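Student: Provide a 3D model corresponding to the input given below.
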Amino acid sequence: MKEYKPIKAIISGGGTGGHIFPAISIANKLKELNPDTEILFVGAEGKMEMEKVPAAGYKIVGLPIVGLQRQPNLKNTINNLKVPGKMLSSISKARKTIRQFKPDVAIGVGGFASAPLLFAATRMNIPSLIQEQNGFAGLTNKMLAKKVRSICVAYDGMERFFPADRIVMSGNPIRKEVSTPATPEMKAEAIEYYGLDASKKHLFIVGGSLGSGTLNKAMKKWISEGCPGGEDVEVIWQCGKYYKKGIDSFMEGKNLPLIHYSDFIKRMDLAYAASDVIITRSGASTVSELCAMEKAAIFVPSPNVAEDHQTHNAMALVKKDAAMIVKDAEAEEKLLPTALELLKDDEKIASLEKNIAKLALRDAAQVIADEVYRII
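Tutor: Numbering: from 1, shown residues only. As a prediction, this is how the structure comes out:
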């Protein structure tokens, strides 16, 4: 059995859950391999990592870094004028943090908080690695690519963005509970947990923790029309915290026992297990989870993300007949009819499940951890 010595790792990045949760998964794996390993996170002041990382049991240092805002307006122009000064002060604080912590390795997971830390670490000759979750590389990781020793990716064709000799196909680290296909026992548990009818088909609509206005509008339109085609379909609808009050008002007085809606899903593993088809956005972690769970999915990429990376993530699967896609602008009209048509086609569902299973990379955290030890 391979022996893993204790190391000191500094991990940087954040801004969104898509960056933070893979970073925490990498940290958890390094601690699992050797409990004496020391880990320090570095994030952006005021961003969600400053809350989520301590909640996961790790220390974090905040940098005053801010990201470039691309939408032209006065507020964003003022923000962007502050970026160079904030970057310089963040690099200075990053250098000080590195000198104090003395890491063996620096790991960047994307997001603008990675830039000052990895820039300082590479200049100080600290072995460094970045992890790119998406099928279209983020600006920070593209800037850092020539400075680091290893680049862990989750999609084919990333030599478009990075030096080919430094690329390692790792996949995205995902939560353990959604890393394997559901067993029949797990599906039975899921049906009972959500109070579902086992004789019906099940559609899961999930818009993320805050919810998706587009997915909710599509559901509301379908419900307003009398749920055509949904007589034998039971729906788990995660509408999101931000939209819950409005959905409560919309659903008031409607007798729809086949639609189960809530603002948050506590047991995502069971929601996946219960479902025949899943409608969702195409963030990197979600795509990786669906590959691992081997589920038939219809992606509705969010148009409100940098470099339109959710479309690139979705299309990487669509091109391999491993998922379906409906454009955000067309979702209100087409999404539910497309999903209901798919639910009637057992052969198509089986084909999507078979093809998405081929893309699963379940040992991502271990592959990344091994690469960390290699570059050290």
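Student: next, the closest residue to Ile167 other than its chain neighbours: phi, psi?
Tutor: Nearest residue to Ile167 in three dimensions, chain neighbours excluded: Ile151, at 5.3 Å (Cβ to Cβ, 6 or more residues apart in numbering). C-beta here means a position set from N, CA and C on the backbone, and glycine is covered the same way. For Ile151, the backbone dihedrals are phi -130, psi 110 (criterion: degrees, to the nearest 10).
Student: shouldn't Ile151 be in contact with Arg166?
Tutor: Yes. The pair Ile151 and Arg166 passes the contact test of Cβ atoms under 8 Å, sitting 4.9 Å apart.
Student: what sits in contact with each of those two?
Tutor: By Cβ atoms under 8 Å, 6 or more residues apart in numbering, Ile151 and Arg166 have these common neighbours: Ala145.
Student: the two: which has the busier surroundings?
Tutor: Counting neighbours by other Cβ atoms under 10 Å for Ile151 and for Arg166 shows that Ile151 has the greater number, 27 against 17.
Student: can you give me the pLDDT of the more buried one?
Tutor: We have a pLDDT of 98 for Ile151.
Student: quick one: it from Ala106, how far?
Tutor: Going from Ile151 to Ala106 by Cβ to Cβ, to the nearest Å gives 13 Å.
Student: same thing with Asp321?
Tutor: Asp321 is 39 Å from Ala106, by Cβ to Cβ.
Student: who's more crowded, the two?
Tutor: The neighbour count for Asp321 versus Ala106, taken as other Cβ under 10 Å, is higher for Ala106 (28 against 13).
Student: so the more buried one makes contact with Leu129?
Tutor: Yes. Using Cβ under 8 Å, Ala106 is in contact with Leu129, at 7.5 Å.
Student: picking that back up, overlap of the contact sets of Ile151 and Ala106?
Tutor: Counting by Cβ under 8 Å, 6+ apart, the residues touching both Ile151 and Ala106 are Leu129.
Student: which stretches in the stretch 1-150 of the chain count as strands?
Tutor: Secondary structure of the stretch 1-150 of the chain (DSSP state E, counting those that start in this stretch): strands at 8-12, 38-44, 59-63, 105-108, 128-132, 150-153.
Student: in contact with Ile91, which residues are there?
Tutor: By Cβ under 8 Å, 6+ apart, the residues touching Ile91 are 116, 119-120.
Student: out of those residues, which is nearest to Ile24?
Tutor: Distances from Ile24 to the contacts of Ile91, taken as Cβ to Cβ, are shortest for Pro116 (20.4 Å).
Student: and that closest one, what pLDDT?
Tutor: 93.
Student: ok, for it, nearest residue in space, not its chain neighbours?
Tutor: Ser90 (3.8 Å).
Student: correct me if wrong: that neighbour contacts Leu118.
Tutor: No. The pair Ser90 / Leu118 is not scored as a contact, 11.3 Å apart, by Cβ under 8 Å.
Student: these two: which is more packed in?
Tutor: Comparing Ser90 with Leu118 by other Cβ under 10 Å, the one with more neighbours is Leu118, at 28 against 25.
Student: contacts only, for that one.
Tutor: Counted by Cβ under 8 Å, 6+ apart, Leu118 has contacts 12, 106, 108, 128, 130, 144, 147-148.
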